[in-house]
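J.: Curious how this folds, go ahead:
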Amino acid sequence: MANIQSQYFKDIDLDDAFFDSLKEDYSEFSSWFTKKAIEDKHAFTLYENTKLMAFLYLKIEDEIDEAIVPKFTEKKRLKVGTFKIDAHGTKLGERFVKKIFDVAVAKKIDEIYVTIFDKHQPLISLLKTFGFSEYGTKTTSNGKELVLLKNLFNLKNDILKDYPIVQTENKHIYGLSILPQFHTKLFSDSILNNESVDILKDVSHTNSIHKIYICAMQAVQNFHKGDILLIYRTNDGQGAARYRSVVTSICVVEEVLTINDFSTEEKFLKYCEPYSIFSVDELRSFYRTKKYPFIIKMTYNVAFKRRVTNGQMIDSFGITPEYWGVFSVTHEQFKKIIKAGEVDESIIID
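T.: Residues are numbered from 1 along each chain as shown. As a prediction, the model looks like this:
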């Protein structure tokens, strides 16, 4: 099982080899860690079996760090205090970046920063992909670090750099159905109450912000970059659809391709495999048979706090499509759905 958890410092083994590189970078790391343990602070961790694979400590700050140049103005910020991933090709970093944004939104903080040594280029590149930019430097006895900063609402009109913000102006909104056996494997934060976290394996498609959806539904050809998708998990067979089919998440379309856009099978695999729930053998079969010719690449932006049922959509929001595979949603219906789903409306900008 690989699931992010909130864990007290005092319950984390400081002697774990995972922390060796942090001790090398920061001479005071061990004493800092011990202090946090005494203060009953917690961090986000992820274990693969019993092996620590990821550690993230976040701190809300409103004081000024005098070591940062140029000097920050006084403002509440979320500091990424310590962030380390044992990279092993499963997009785990993306999953933790999403966690950083989730906390910022929940705490109503619009500015996030991290100090990081220049040698950590893969992590710097990941953070810049999702909208962090170089603000300045911080110099301590450990050396000079870069300061990367992101303001959630300083929008760049770029799906990734603006992530997780969802912009609805001049965008179409659709419901997109997904079968229960695929749903939580693809949308890890949208797990339903009756599902086990054991199905969340530490694999690329579970961890990633990007998602690949492969299907044969002709209507997805109407999707355009920036369009909004409401992920609709279909009936799991444990009751009537009006209670068991639910909207769980919001995604944003990056692009829609057809299988004929890939000149070779290997190019198709390279594009789909990191973000798709299907195995290499299944993907090869799809390419050869052309059975599922449409490929949607999208970002996973929001997990609903409360699932919105098929019955609510019909009775309360007037959504009654002939076909629930792909269906249109008006902007007014969308506003009502996200309110019912208890989505933080600050990240929805129209």
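J.: CA only for contacts and neighbour counts going forward, please
T.: Noted.
J.: Just the pLDDT for the nearest residue to Thr82 once chain neighbours are set aside.
T.: In space, and not counting its chain neighbours, Thr82 is closest to Tyr57: 5.0 Å by CA to CA, 6 or more residues apart in numbering. In this model, Tyr57 is scored at 97, pLDDT.
J.: now could you export just the CA positions of whichever strand or helix holds Tyr57 as CSV?
T.: Element membership for Tyr57 (DSSP states H and E) is strand 51-61. Taking Å, rounded to 0.1, in the frame of the first residue of the first chain, the C-alpha atoms of strand 51-61 are listed here in CSV:
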residue,chain,number,x,y,z
LYS,A,51,10.4,1.9,3.5
LEU,A,52,10.1,5.7,3.7
MET,A,53,9.8,7.1,0.2
ALA,A,54,8.6,10.7,0.7
PHE,A,55,8.6,13.4,3.4
LEU,A,56,6.9,16.8,3.3
TYR,A,57,6.8,19.4,6.1
LEU,A,58,4.7,22.5,5.6
LYS,A,59,4.6,25.6,7.8
ILE,A,60,2.3,28.6,7.8
GLU,A,61,4.4,31.8,8.2
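J.: Quick one: list the elements packing against the next helix or strand after it.
T.: Following strand 51-61 in sequence order, the next helix or strand is strand 68-69 (DSSP H and E). On a contact count with 3 or more CA pairs under 8 Å, 6 or more residues apart in numbering; DSSP states H and E, strand 68-69 meets strand 133-140.
J.: neighbouring contacts of stretch 146-163?
T.: Residues outside stretch 146-163 that contact it (CA atoms under 8 Å, 6 or more residues apart in numbering) are 68, 110-118, 128-138, 164-165, 226, 252, 254, 299, 301.
J.: Put the buried members of those into a PyMOL selection.
T.: Per 16 or more other CA atoms under 10 Å, the buried members of those correspond to this PyMOL selection:
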select buried, resi 68+110+111+112+113+114+115+116+117+128+130+131+132+133+135+136+137+138+164+165+226+252+254+299+301
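J.: mind checking the end-to-end distance for stretch 305-315?
T.: 20 Å (CA to CA, to the nearest Å).
J.: okay, and for the stretch 201-350 of the chain, where does confidence drop off?
T.: Across the stretch 201-350 of the chain, the ranges flagged by pLDDT under 70 are 201-207.
J.: switch to 80 and redo it
T.: Along the stretch 201-350 of the chain, segments meeting pLDDT under 80 span 201-208.
J.: quick one, what contacts the residue nearest to Pro293 when sequence neighbours are not counted?
T.: Counting by CA to CA, 6+ apart, Ile259 is the residue found nearest to Pro293 once chain neighbours are left out, at 4.9 Å. Listed by CA under 8 Å, 6+ apart, the contact partners of Ile259 are 268, 287, 290, 292-295.
J.: neighbour-wise, which of the residues you listed leads?
T.: Ile295 (23 neighbours; other CA atoms under 10 Å).
J.: Report the beta-bridge partners for it.
T.: When assigned by DSSP bridges, Ile295 has beta-bridge partners Ile214, Leu257.
J.: Tell me if I'm right that it and Met217 touch.
T.: No. Applying CA atoms under 8 Å as the test, Ile295 and Met217 come out as separate, 10.2 Å apart.
J.: Helices of the protein, start to end?
T.: Taking DSSP state H, the helices of the chain run over residues 20-25, 29-38, 92-106, 121-129, 180-186, 204-207, 241-244, 265-272, 280-289, 310-315, 331-340.
J.: Quick one: those as TSV, columns for distance to Val147 too.
T.: Converted to TSV, these look like this (distance: least, CA to CA, whole Å):
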stretch	distance to Val147
helix 20-25	16
helix 29-38	19
helix 92-106	16
helix 121-129	10
helix 180-186	32
helix 204-207	26
helix 241-244	46
helix 265-272	32
helix 280-289	40
helix 310-315	45
helix 331-340	35
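J.: ok, and which of the ones you listed has the densest surroundings?
T.: Ranked by mean neighbour count under mean count of other CA atoms under 10 Å, the helices of the chain are led by helix 204-207, which reaches a mean of 26.
J.: ok so, going back, counting contacts, what elements does the strand holding Tyr57 pack onto?
T.: strand 42-48, strand 77-85.
J.: So which of the ones you listed is nearest Tyr232?
T.: Nearest of those to Tyr232, taken as CA to CA: strand 42-48 at 27.9 Å.
J.: What is the closest one packed up against?
T.: Using 3+ CA pairs under 8 Å, 6+ apart: strand 42-48 touches strand 5-8, strand 51-61.
J.: Need the winner for burial among these.
T.: strand 51-61 (a mean of 17).
J.: quick check: angle from it to helix 92-106?
T.: 30 degrees (axes from the mean of the first three to the mean of the last three CA atoms, to 10 degrees).
J.: OK, contacts around Phe182?
T.: Phe182 touches Ile277, counting by CA under 8 Å, 6+ apart.
J.: And for Gln121?
T.: Contacts of Gln121 (CA under 8 Å, 6+ apart): none.
J.: so what's it scoring on pLDDT?
T.: 92.
J.: circling back to that earlier point, got the helices and strands packed on strand 42-48 as CSV, with distance to Thr45 columns?
T.: Shown next, in CSV, are the helices and strands packed on strand 42-48 (distance: least, CA to CA, whole Å):
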stretch, distance to Thr45
strand 5-8, 5
strand 51-61, 5
